[in-house]
Every structure is written in structure tokens, then in C-alpha cells.
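In: I would like to see how this sequence folds:
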Amino acid sequence: MDHSFSNKQFKKHLIKLGIKKGDSICIHSRLISFGRLKGNISEIFNIIKNTIGVNGTIAVPAFTFNLKENDIYDPKLSKPYNMGALTNFVFSLKNIQRTSNPINSYILYGKKKDICKKVNNNKCFGKDSIFDVLNKNNFKLLLLGCNYQEGGTFIHHVEYLVNAYYRKKLILNRKIKILNKIKTHEFEYFARKDYNIKTNLLYFEKILLNDNVGNFEKIENSNRLSHLISLKILKNYSINIYNNNNKIFLEK
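Out: Modelled structure (predicted):
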């Protein structure tokens, strides 16, 4: 059986999800879910770019969890860690902006890329964080072949907003290089109080699917799904779900 996935099929998948011209999309991806993509990563990126058009914007995660306290984070040079082929390709482009948070950075490409300048990079979540700025600028979350356990980082922003009882604020010291100057900054992170507590967002995803929130689309010849949802809808919906069950984002 041929498990290859053509560029035409990939384009069709995006259209069926509801992606359209002018969209601003935050993409977390697992391209292996599509089987053997016939297009190379440049072609895949161009299909996404052409689908949203010149007025659209792409954001991809460029996290650097591998950096330790004494390592230097350089937004221009620090490679994203285990973020996948799409992020690595976007990182290689010239006309991009990257946020300066040394833990949860994002790379933006397109019309709204300069909203990076509005981000408070001293915090990972909450008001004026990258997640708050993406939400305020009408971004949609696109989980491209990945589930919420793999790509639902926005939910940690929601946990911050509701002050989830199982997490706490931590202040971390990190070295960052900006304009050829290295300085030590304090950064706020929202960590689990007890690392025996495990996050499991698959329960939450099942509720989204059952309630038909956002657009789910099955990948041809695969048991995997993609999901497109407005961050504003996701934020409000997940807050309501948490308020009804404050263990909904945890392993049972």
C-alpha cells in the first residue's frame, strides 16, 4: 500500500480544516502523521504560506528547553530543540522575527511578524506573554497532525490564567544575547508543584472533539487528526472546562 501524501492532498487537508486567506496561524506540527510526504519541507511551507496569502502570518514554536542556567540564549542563533522539520525550516528563513524568551520562544513569518515586539519576554505565560499577544491578534491554533498532548502548549497559558492549583510561579535566571550584549535576566515560569503530577491533555481533546469545538480533520490513510481553532475560542472554552473540573488537564 502506498502511504505517500501528495502536495495536492496536503493542500486539500488545509482547505478542509478551514484555513483561508488572511489567517494568522500558530502551527504545532507532527508531519510524520501524514506518512511519506511527496513534497519537501520547502514545498510544504509554501503550500501553507500560499493558503493564507500575503496578509497571513505563520507562528511556530522554537522552544529551547535544552539550555541550562549558564547557557547563552541568542534569538538569532540558538537552534530550536526537538521542534520538528517545519520549525527548523522557518528558523532558516531570513524575513522572520523571534521572541526573546529563552524557554518558550516563537518564530513569526508574515504580515504580523512584528507583534513580537509587543511581547513581554520576561514571562512565559499570562498577560503580555507570547500566548496573550497571539490571542489578542486573532491567531488560530493549528495542530497539524499532532494532538494536544504533543502541541497544546497554549493550555499552560490557560492554567496560568486560572492559577491552576497544581502549578506555581518560578523565577529562573537565564543569560540572553541581544544586540551583541550578554545579560542575565530573570524569567517567570509556571511549573508543576509536584513532578509526580502528570499533564494529560488527551481527555480535554476528547471533549473538544465530542463538542465539535473548532475544526477537526482526519488525515487520509491515517488515524491521526489535525485541528484548527481560534485561540480566543480555545481560551474561553478551556477556562470554562477547568472551572467545572480542575483536574481536566491532568493524568487520571
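In: the strands in the stretch 101-250 of the chain, which residues?
Out: For the stretch 101-250 of the chain, the strands defined by DSSP state E, counting those that start in this stretch cover 106-110, 140-144, 167-178, 181-192, 215-218, 225-230.
In: how much space between the spatially closest residue to residue 73 that is not a sequence neighbour and residue 134?
Out: The shortest distance from residue 73 to any residue other than its chain neighbours is 3.5 Å, reached at residue 102 (Cβ to Cβ, 6 or more residues apart in numbering). C-beta here means a position set from N, CA and C on the backbone, and glycine is covered the same way. In this structure, residue 102 and residue 134 are 18 Å apart, going by Cβ to Cβ, to the nearest Å.
In: same question for residue 158.
Out: In this structure, residue 158 and residue 134 are separated by 13 Å, where distance is defined by Cβ to Cβ.
In: who's more crowded, these two?
Out: Higher neighbour count among residue 158 and residue 134: residue 134, with 25 against 22, using other Cβ atoms under 10 Å.
In: what sits against that one?
Out: Applying Cβ atoms under 8 Å, 6 or more residues apart in numbering, one finds that residue 134 lies in contact with 24, 26, 59, 106, 115, 231.
In: what's the burial count for the residue nearest to residue 73?
Out: Neighbours of residue 102 (other Cβ under 10 Å): 25.
In: check the one 5 residues further on too.
Out: Around residue 107 sit 22 other residues, with neighbours defined as other Cβ under 10 Å.
In: you'd agree it is up against residue 57?
Out: No - with contacts counted by Cβ atoms under 8 Å, residue 107 stays clear of residue 57, the gap being 11.0 Å.
In: past the host helix or strand of residue 8, which element shows up next along the chain?
Out: Following DSSP states H and E, one finds residue 8 within helix 7-17. Beyond helix 7-17 on the C-terminal side, the first helix or strand identified by DSSP H and E is strand 24-29.
In: tell me the confidence at the spatially closest residue to residue 246 that is not a sequence neighbour?
Out: Residue nearest to residue 246 in three dimensions, not counting chain neighbours: residue 165, with 6.3 Å by Cβ to Cβ, 6+ apart. In this prediction, residue 165 carries a pLDDT score of 97.
In: equivalent analysis for the one 3 residues further on, please.
Out: Taken from the predicted model, the pLDDT recorded for residue 168 is 97.
In: OK, contacts around the residue nearest to residue 73?
Out: Residues touching residue 102, when contacts are defined by Cβ under 8 Å, 6+ apart, comprise 64, 67, 73, 78, 174-176, 185, 187.
In: per-residue pLDDT of it, please?
Out: 91.
In: what about the helices in the stretch 1-150 of the chain?
Out: When secondary structure is read from DSSP state H, counting those that start in this stretch, the stretch 1-150 of the chain shows helices at 7-17, 41-52, 85-92, 130-136, 148-151.
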